[in-house]
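Peer 1: sequence and predicted structure are below.
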Amino acid sequence: MKSQEALAIAHTWRVQHLEPTARCFEALSSCSHQFEGAVVSYRLKRMKSILRKLQREESRFKLGVLDDIGGCRLIVNDVEEVYRAATELERILGKPKVKDYIAVPQRSGYRSYHAIYKVPVSGISYRVEVQIRTRLQHLWATGVEAVGEVYGLEYKSPDTRAKLRGKEQMRDRFLTLSSHLFAQEEEMPGIPGVSDDVYSICSEIVEICDITKILKELAVARSGIVVASDVGASDEYFLLCLIRDLQFFDIVGFVDFSEANSEYQRIEKISLGADSVNEGDSREPEFDNVVLVKAAHADAIKRTYLNYSLGVGEFITRLEQLLLTYGAC
């Protein structure tokens with residue numbers, strides 16, 4: 001199959017995940033009312049991310065079996081709420097395939113509860129991934145995103161992590177240790193292969209920070225982003241749109257889901273029709289990343305959800321608080 005034709009099929013398959021993902025989002029939204037301050041979001045995986053996953057070394061992924069093209073996320077206060085939400089969502093959507101990275105964290109430090117649902121639309125069953133995580137787990141994931149942005153490396157990628165050396169490897173170790181510290185704070189299993197000696201962990205984190213200046217460089221990076229906000233007091237749904245090169249983040253509010261979802265789908269489809277795809281072209285719409293979020297108000301998003309440079313401030317603050325608690329800095 002020619003690359004142009006294959007890419008066109010990938011674009012079409014991605015857009016077809018809009019409706020089943022939106023259905024999961026609505027189910028998750030109904031669950032979220034039980035948890036004070038909860039934030040719900042949904043997005044389609046970016047084409048560049050899909051292509052990277054398909055092209056990973058020794059990858060056996062095929063387009064039709066990727067289970068995270070459509071993705072939803074629920075952020076709650078603590079681990080107990082994670083499992084309560086998972087039980088309620090299973091009641092609504094049926095039994096999913098579960099990957100519990102809270103009970104068994106990944107070696108990278110990643111911790112979250114994943115449930116993969118099969119959602120039928122027009123006779124076709126689509127896989128949609130639902131992530132449920134605590135605020136602390138999300139802060140860590142935000143830190144990983146920010147480190148990747150600042151240093152231009154995909155720290156989430158196993159292939160990238162396997163090739164890290166020197167200070168790059170030390171930054172990866174910093175992320176792993178930070179996650180282990182957060183896991184202990186939540187009284188949950190830590191990262192495999194990491195000592196449970198809290199003082200030793202904190203001392204190593206401080207040493208890495210002294211050598212790499214990672215916390216200082218993250219703090220500088222977050223100060224350079226511009227946020228535009230067009231929201232009203234009654235808005236509960238928000239589109240978060242990022243232009244990475246310009247360090248520009250746009251937040252647009254909506255009162256009801258249907259209007260917000262229509263605008264989200266319009267943005268997603270701008271450059272994604274098969275007729276606009278040229279060979280070797282994986283262009284995205286005007287924005288590098290677009291996410292639809294449900295929250296009580298815009299301030300809840302700013303405190304809880306924002307990725308990249310915007311959300312890293314809280315990650316830095318929480319980590320420094322723990323280091324001070326254990327007398328490591």
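Peer 2: Received it, and whenever you're ready, just let me know what you need.

Peer 1: how many residues are close by Arg127?
Peer 2: Arg127: 19 surrounding residues under other Cβ atoms under 10 Å. Using the backbone N, CA and C atoms, a C-beta is placed for each residue, glycine as well.

Peer 1: name the nearest residue to Ser32, sequence neighbours excluded.
Peer 2: The shortest distance from Ser32 to any non-neighbouring residue, by Cβ to Cβ, 6 or more residues apart in numbering, is to Ala38 (4.1 Å).

Peer 1: packing partners of the host helix or strand of Leu240?
Peer 2: Taking DSSP states H and E as the definition, one finds Leu240 inside strand 237-243. Counting contacts by 3 or more Cβ pairs under 8 Å, 6 or more residues apart in numbering; DSSP states H and E, strand 237-243 packs against strand 248-254, helix 257-269, strand 289-294, helix 298-304.

Peer 1: report the angle between that strand and strand 289-294.
Peer 2: Relative orientation of strand 237-243 versus strand 289-294 (axes from the mean of the first three to the mean of the last three Cα atoms, to 10 degrees): 160 degrees.

Peer 1: now do strand 237-243, average pLDDT.
Peer 2: Across strand 237-243, the average pLDDT comes to 82.

Peer 1: and it with strand 248-254, angle?
Peer 2: With the same axes, to 10 degrees as the basis, strand 237-243 and strand 248-254 are set at 160 degrees to each other.

Peer 1: for strand 237-243, which strands pair with it and how are they oriented?
Peer 2: strand 248-254 (antiparallel), strand 289-294 (antiparallel) (DSSP bridges).

Peer 1: tell me the most buried of the ones you listed?
Peer 2: Mean neighbour count (mean count of other Cβ atoms under 10 Å) peaks for strand 289-294 among the strands paired with strand 237-243, with a mean of 22.

Peer 1: max-length helix in the protein?
Peer 2: Counting residues, the longest helix found in the chain (DSSP state H) is helix 166-185.

Peer 1: buried residues, it. List them.
Peer 2: Neighbour counts over helix 166-185 (16 or more other Cβ atoms under 10 Å) mark 168, 170-184 as buried.

Peer 1: and that helix, how far out from the chain middle?
Peer 2: Centroid separation for helix 166-185 versus its chain: 18 Å, with Cα atoms, centre = their mean, to the nearest Å.

Peer 1: elements contacting the helix or strand that that helix is followed by?
Peer 2: Sequence-wise, the next helix or strand downstream of helix 166-185 (DSSP H and E) is helix 198-212. Helices and strands touching helix 198-212, by 3+ Cβ pairs under 8 Å, 6+ apart, are helix 166-185, helix 214-222, helix 308-325.

Peer 1: ok, residues contacting helix 198-212?
Peer 2: 167, 170-171, 173-174, 177-178, 180-181, 184, 194-195, 214-216, 319, 322-323, 326-329 (Cβ atoms under 8 Å, 6 or more residues apart in numbering).

Peer 1: ok, now stretch 167-179?
Peer 2: Outside stretch 167-179, the residues that touch it by Cβ under 8 Å, 6+ apart are 105, 107-111, 140, 143-144, 147, 151, 153, 155, 161, 164, 191, 194, 201, 204-205, 208-209, 211-212, 214, 319.

Peer 1: could you rerun that using 6 Å?
Peer 2: 109, 140, 144, 147, 161, 164, 191, 201, 204-205, 208, 212, 214, 319 (Cβ atoms under 6 Å, 6 or more residues apart in numbering).

Peer 1: for the stretch 51-200 of the chain, which residues score under the pLDDT cut-off?
Peer 2: Along the stretch 51-200 of the chain, the model assigns pLDDT under 70 to residues 51-68.

Peer 1: those strands in it, which residues are they?
Peer 2: With DSSP state E, counting those that start in this stretch as the criterion, the stretch 51-200 of the chain has strands at 70-76, 97-100, 113-121, 124-134.

Peer 1: got these as TSV, with distance to Tyr237 columns?
Peer 2: Converted to TSV, these look like this (distance: least, Cβ to Cβ, whole Å):
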stretch	distance to Tyr237
strand 70-76	14
strand 97-100	28
strand 113-121	20
strand 124-134	18
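
Peer 1: tell me the contacts of the spatially most central residue of the chain?
Peer 2: With distances taken as Cα atoms, centre = their mean, the chain has Ala141 as the residue nearest its mean C-alpha position (6.7 Å). Applying Cβ under 6 Å, 6+ apart to Ala141 gives no contacts.
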